[in-house]
Structures are given as C-alpha cells and as structure tokens.
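# got a predicted structure here, sequence first:
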Amino acid sequence: MTKRRALGQHFLRDAGIARAIVDLVAPSAQDLVVEIGPGEGALTEELARRSGRMIALEVDRALLERLRRRFPTVEALEADARTWEYGRLSRPPGGRVLVVGNLPYSVSKPIVAALLEARASLDVMALMLQREVAERLAAPPGGKVYGALSVLTQAVAGVELALRVPPGAFRPPPQVESAVVRLTPRTTSPVPPELERRFRDVVRAAFSRRRKTLANALAGSLGLSLGVVREAATTSGVDPGRRAETLNIDEFVALTARLS
C-alpha cells in the first residue's frame, strides 16, 4: 500500500472539475502556486500551464518520481503537508502565493491548520475536503454544523463553499461526498493579537459541551466559577443562557476580552 492510499487519498480524474478548482484561484504567470498532494497530476497539469512558478508537495515517493518526469518545470518535493513551512514562501514581484490541493481526508484538519497559521504569506487557497468538514468550515452561526472549527477558521479567513464533487470524480470513488472550499486570509482579524490564544481556548471550551448553556460550558471547561462567567458574559453583551452555536465571532471576541 502506498503512503497516499494509507492516508485515504482518492485521485481526481475529472478534467472539468480540475479546471473548475483551478479557476477558483485563477493563477497567472506572475503567481507562485503550491499544490498539496498532486497524486496523478490532474490538477498539476492545469496549474503548471497557467501559473508562473509551481511547487508540488507529495508524500509518496513513487508518485513523486512520476510527477517529476511528467512535469519537469514543477518543483516536486517529497514533503509532509502537515509540517511544511508555508510561512517561508515569498510573494513574487507583482504576483500572489496560491495554494491548491486535494487533501487526504485523514489529515485534512492539520493541513488546514498549518495553512491558516501561515496565512500572512498566502493569498488564496482552494482545498478539496470531505464534504462534512468543508461545511463545518463555512457554516454560519445558528446551526448544528457551526462549531469551534467554523469560528476559528472564519476569524482569520473568508470561507466560501465553492464546489461539491461527487464520488465518481475520483479513482477509486470514496464512500463520502467531497467539496472544495475557497479560503482568503483576512488582512486584519477581528481577534486582537494579544487575545488570540485565549480566544482559541474560550471558543473550544464553549463548544466542548454543546448541550449546556454558554455559562455552564465555559465554567466547566475553563475551571472558572459560574458567577465569574455569567458576569463576563453579561458585561460583554452576551446572554449567559445562550448556547455556543448562537454566538457570532464578534460576540466571542467580546466575551474573550472579559474573560482575559
């Protein structure tokens, strides 16, 4: 079994969908493109044709060698996309840094986290994910899908659920549906830099006990008294009896400021 198969990767084989994904970032000859998990090259062919410089990150050595033979102008690297240092990328003169990838479902969340951590160096991303994960990233407040992943992602990037991709577009067809999200890092975040770590803690704590009220979930998860949490919520303009999934990002920021 190859490393790619072990990670649960399914190869895109639909050329029309490949073009639609690349169109989401619209590369030009001035742009640097990083492709995550090129596999058999369905996206690589379109990206290499339209971009200036291109880097491809592949974990499977056999696929990597085939890629290098087929696309000699692409900088194909044997690399783990979860730990590769995206923050070291430099924008080309007059161009952008774009990221495109059909992410292995089993490791998609740490890859997205690494990309968002390096967001200052990136301009636009188009990422294929399991549909449920994509929907969570893009979910608005008020529903069961909206959670900590939604809040923490949307606080630092614009998220668009751009394409749904059927199983038949892959070889072998996966047992789940896929979707592509378009992520655009924000130039300014609603979360002040000094509150970023506490913000993550508060958001995760709020959603850790979804059936409980906001006050009870935060008190239990953060080790604070119920009185302290209720006062912090009330003074920040948030009803402590609400559920976490009803709060928007600005409300989480205001609450974090009171709990810091």
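Thanks, I have it.
# any stretches of this protein with poor pLDDT?
Across the chain, residues meeting the criterion (pLDDT under 70) sit at 1-9.
# and it, what are its domains?
Using automatic domain parsing, the domains assigned to the chain come out as 3-185, 193-259.
# would you mind giving the ones you listed as a markdown table with mean neighbour count added?
Yep, even glycine has a C-beta here, placed from its N, CA and C like the rest. Rendered in a markdown table, the data for these read as follows (neighbours: other Cβ atoms under 10 Å):
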| stretch | mean neighbour count |
| --- | --- |
| domain 3-185 | 18 |
| domain 193-259 | 18 |
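# across the sheet, point out what pairs with residue 78.
As for beta bridges, residue 78 partners with residue 58 under DSSP bridges.
# now it: how far from residue 53?
For residue 78, the distance to residue 53 (Cβ to Cβ, to the nearest Å) stands at 18 Å.
# swap in residue 120?
Counting by Cβ to Cβ, the gap between residue 120 and residue 53 amounts to 19 Å.
# please, where are all the strands along the stretch 101-250 of the chain?
Secondary structure of the stretch 101-250 of the chain (DSSP state E, counting those that start in this stretch): strands at 124-130, 157-165, 170-171, 178-185.
# tell me where the stretch 1-150 of the chain has helices.
If DSSP state H, counting those that start in this stretch is used as the criterion, the helices of the stretch 1-150 of the chain fall at 3-6, 15-23, 42-50, 61-70, 108-117, 131-138, 148-154.
# out of those, which is closest to residue 92?
Set against residue 92 and scored by Cβ to Cβ, the helices of the stretch 1-150 of the chain come closest in helix 42-50, at 14.3 Å.
# make TSV from the strands of the stretch 101-250 of the chain and add distance to residue 235 to it.
Rendered in TSV, the data for these read as follows (distance: least, Cβ to Cβ, whole Å):
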stretch	distance to residue 235
strand 124-130	37
strand 157-165	29
strand 170-171	51
strand 178-185	32
